[in-house]
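Visitor: Take this sequence and fold it.
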Amino acid sequence: MSDQNFDAGCNGNCSSCGSDCEPGQATVTLTLDNDEVLECAILTIFPVGGNQYIALLPLNEDGENEDGEVFLYRYKDENGNPSLENIEDDDEYDLAAEGFDNWLDTQEFNTMDLDDIVE
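Guide: Here you go, the predicted model:
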């Protein structure tokens with residue numbers, strides 16, 4: 001597979017893209033290897049093992065995700081030019097997936113109501 005082409009469609013300062021949008025509003029448009037164009041919400045950009053990775057949530061024409069599938073790519077930003085690269089090594093993908101799972105756990109912890117914690 002080749003690198004993915006994408007255009008940031010974000011208009012704002014979320015952690016993933018550095019602009020003013022609210023989290024979950026940042027999107028990118030991917031052009032896949034088969035020339036299919038797919039709009040994706042940026043969930044997060046996160047570091048693992050010296051690399052940066054991006055988690056994308058594919059959206060349908062109504063702006064919704066139907067199956068909960070998340071795409072993970074290696075993310076690079078050189079001189080303000082972001083790019084995505086496929087993760088072709090299974091071990092690297094496993095590390096990226098674990099990093100994303102850790103990020104999800106952090107998000108769940110941050111949204112927990114402290115009154116709900118029973119000691």
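
Visitor: counting contacts, what elements does the strand or helix carrying residue 106 pack onto?
Guide: Here residue 106, judged by DSSP states H and E, is contained in helix 90-111. When contacts are defined as 3 or more Cβ pairs under 8 Å, 6 or more residues apart in numbering; DSSP states H and E, helix 90-111 sits against strand 37-48, strand 51-58, strand 71-78. In this view, the C-beta of every residue, glycine as well, is placed from N, C-alpha and C.

Visitor: of all the ones you listed, which lies closest to residue 95?
Guide: strand 37-48 (5.3 Å; Cβ to Cβ).

Visitor: Quick one: mean pLDDT over that closest one.
Guide: For strand 37-48, mean pLDDT rounds to 93.

Visitor: Flag every buried residue along that strand.
Guide: Buried positions in strand 37-48, judged by neighbour count with 16 or more other Cβ atoms under 10 Å: 38-46, 48.

Visitor: Mind putting those residues into CSV with distance to residue 103?
Guide: Below are the buried residues of strand 37-48 laid out as CSV (distance: Cβ to Cβ, whole Å):
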residue, distance to residue 103
38, 22
39, 22
40, 16
41, 15
42, 13
43, 8
44, 6
45, 10
46, 5
48, 10
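
Visitor: so which of these comes closest to residue 98?
Guide: For those, the nearest to residue 98 is residue 48 (7.5 Å; Cβ to Cβ).

Visitor: before we move on, the earlier item: can you put the helices and strands packed on helix 90-111 in CSV and add distance to residue 97?
Guide: Formatted as CSV, the helices and strands packed on helix 90-111 follow (distance: least, Cβ to Cβ, whole Å):
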stretch, distance to residue 97
strand 37-48, 9
strand 51-58, 9
strand 71-78, 6
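
Visitor: between the ones you listed, which one is nearest to residue 65?
Guide: Closest to residue 65 of the helices and strands packed on helix 90-111, according to Cβ to Cβ: strand 51-58, at 5.0 Å.

Visitor: Any regions of the protein where pLDDT drops low?
Guide: Scanning the chain for pLDDT under 70 picks out the ranges 1-25, 109-119.

Visitor: can I assume residue 96 is in contact with residue 72?
Guide: Yes: Residue 96 is within contact range of residue 72, at 5.0 Å (criterion: Cβ atoms under 8 Å).
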